[in-house]
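# compute the structure for the input listed below.
(one chain, ligands or ions: 1)
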Amino acid sequence: MKLILLGAPGAGKGTQAEILSKLLSIPTISTGNILRAAMKNGTPVGLKAKEYVEAGQLVPDDVIIGIIRERLAEPDCANGYILDGVPRTIPQAEAMEQLGIEVDKALSIEVEDEVIVERMGGRRTCKACGGTFHIKNNPPKKEGICDFCGGELSIRKDDAPETVKARLVTYHRETEPLKAFYEARGRLVTVENQPGIDATTAAIRKALEI
Ligand code: AMP
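Numbering: from 1, shown residues only. Predicted structure coming up:
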């Protein structure tokens with residue numbers, strides 16, 4: 001299965017990607033996580049990306065394409081992958097097509113903007129592994145500590161309310177047109193956000209027939 005997850009920031013792509021990744025035994029590739037790791041390590045890509053990420057803007061397409069091309073060439077991607085947060089623009093999707101990167105389904109998780117803004121306020125992210133939690137909807141077993149790796153949880157800089165609003169504007173302008181792009185290719189599957197993570201997973205499994 002070669003799956004793309006579409007949806008606004010905070011729609012639950014990362015959370016559902018982790019669940020589907022275990023279920024299907026294929027890796028999740030999150031450009032957001034790759035960029036955050038690069039920023040933390042101060043690599044050239046990280047230095048280039050920092051100002052965009054922190055302002056809630058998109059990182060230039062060529063940087064993203066470089067990342068994705070390298071990552072998808074790794075052997076663990078041979079049997080499939082879940083792309084979380086990429087492509088995020090039509091030019092990225094076109095570049096991926098030109099590189100021969102295949103897509104079986106593009107799954108869009110639909111969530112209203114008001115729900116997103118409220119949800120992002122409670123999001124906590126692991127500084128070490130990128131795992132995400134929510135103080136109410138998906139709390140870690142121990143406050144402030146990542147269930148997966150024991151790392152410290154913090155609020156992502158770009159989850160600040162003003163930045164979230166900027167990211168939503170960018171989502172509607174740059175990313176939402178990808179729904180029509182994949183619909184035209186017969187690949188689009190749409191799922192409405194459900195109350196709770198498990199119910200959303202169930203709706204996704206039904207829609208994807210997995
Ligand atoms: P995410 O963790 O997916 O919400 O991504 C966090 C931030 O990383 C975004 O707000 C962008 O600044 C940047 N980013 C991640 N993926 C992409 C992408 N495919 N294209 C451009 N920027 C991206």
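
# contact partners for His134?
Contact analysis of His134 by CB atoms under 8 Å, 6 or more residues apart in numbering lists Arg119, Gly122, Arg123, Arg124. Every residue, glycine included, has its C-beta placed from N, CA and C.

# which bits of the protein sit near the ligand?
Remark: the part of the chain in contact with the ligand comprises 9, 31-32, 35, 52-53, 56-59, 64, 85-86, 88, 92, 158, 167, using CB under 6 Å from any ligand atom.

# returning to what we had before: lowest-confidence one in the contacts of His134?
Least confident by pLDDT among these: that is Arg119, with 87.

# and the helix or strand that one falls within, what's buried?
Here Arg119, judged by DSSP states H and E, is contained in helix 113-121. Residues Ile116, Arg119, Met120, Gly121 are the ones in helix 113-121 that count as buried (16 or more other CB atoms under 10 Å).

# quick one: contacts for the second one?
Yep, that's Arg119 we're talking about. Contacts of Arg119 by CB under 8 Å, 6+ apart are Gly10, Val111, His134, Asn137.

# write the PyMOL selection for whichever of the residues you listed are buried.
Only the buried entries of those go into this PyMOL selection, using 16+ other CB under 10 Å:
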select buried, resi 10+111+134
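
# in strands only, show me the contacts of Arg119.
If you go by DSSP state E, those have His134 in strands.

# of the contacts of Arg119, closest to the ligand?
Checking the contacts of Arg119 against the ligand by CB to the nearest ligand atom gives Gly10 as the nearest, at 7.9 Å.

# thinking the closest one is in contact with Val111, fair?
Yes: the pair Gly10 / Val111 is scored as a contact, 7.3 Å apart, by CB atoms under 8 Å.

# which stretch of helix or strand covers the residue in the chain that the ligand sits nearest to?
At 2.0 Å from the ligand, Gly32 is the closest residue in the chain, using CB to the nearest ligand atom. Gly32 is part of helix 31-41, with elements assigned from DSSP H and E.

# can you give the contact residues for the one helix or strand Glu18 maps to?
Using DSSP H and E, Glu18 sits in helix 13-24. Residues outside helix 13-24 that contact it (CB under 8 Å, 6+ apart): 1, 3, 5-7, 27-28, 30, 32-33, 80, 82, 84-85, 109, 130-132, 138, 197, 200-201, 204-205, 210.

# give the residue farthest from the middle of this protein.
Going by CA atoms, centre = their mean, the residue of the chain most distant from its centre is Lys142, 24.5 Å out.
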